[in-house]
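Student: Sharing a model prediction with you, sequence too.
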Amino acid sequence: MFLAYSITEYAKCAYNSQEVSLAIPSKSKVNLVAIGSRIKKLRGAMLQEELATYLDVSQGHLSKIERGKIAPSFAVLILLSDRFHKSIDWILRGEGN
């Protein structure tokens, strides 16, 4: 015989607890404008063309990232983190260093 348990029922049985919380965080939306703003802040007085060359992207591509029109790639995030000594977490969420 096959017994079907919900995740909550299984957790209650497995952990002998009536108070089991299985809260699943809701998907957070990525704020591309905020990410772009942080990248622009990192760039400071440096020209977009100069940073774009370092990132191996076009100036127009960097402009779109800074305006929140597109997301930076992982490669761009890693290069920004290395160049400005900021964590990727700070670039993406404004948290950390």
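Tutor: Arrived safely.
Student: rest of the way, CA atoms for contacts and neighbours
Tutor: OK.
Student: right, and V76 touches L55 too?
Tutor: Yes. With contact defined as CA atoms under 8 Å, V76 and L55 form a contacting pair (6.0 Å).
Student: And the strand or helix carrying R83, what does it pack against?
Tutor: Counting by DSSP states H and E, the element that carries R83 is helix 74-84. Applying 3 or more CA pairs under 8 Å, 6 or more residues apart in numbering; DSSP states H and E, we find helix 74-84 packed against helix 48-55, helix 88-93.
Student: residues of the first one that come out buried?
Tutor: What that stands for is helix 48-55. Buried residues in helix 48-55, defined by neighbour count with 16 or more other CA atoms under 10 Å: 48, 51-52, 55.
Student: Other residues contacting it?
Tutor: Around helix 48-55, the neighbours that count as contacts under CA atoms under 8 Å, 6 or more residues apart in numbering are 43, 58-59, 61-63, 76, 79-80.
Student: Out of those, who's the most crowded?
Tutor: Greatest neighbour count in these, by other CA atoms under 10 Å, goes to L62: 26 neighbours.
Student: Grab the nearest non-local neighbour of that one.
Tutor: A52 (6.0 Å; CA to CA, 6 or more residues apart in numbering).
Student: quick one: that neighbour from I78, how far?
Tutor: A52 sits at a distance of 14 Å from I78 (criterion: CA to CA, to the nearest Å).
Student: again with V33
Tutor: Taking CA to CA as the criterion, V33 is separated from I78 by 19 Å.
Student: Alright, I will stop here.
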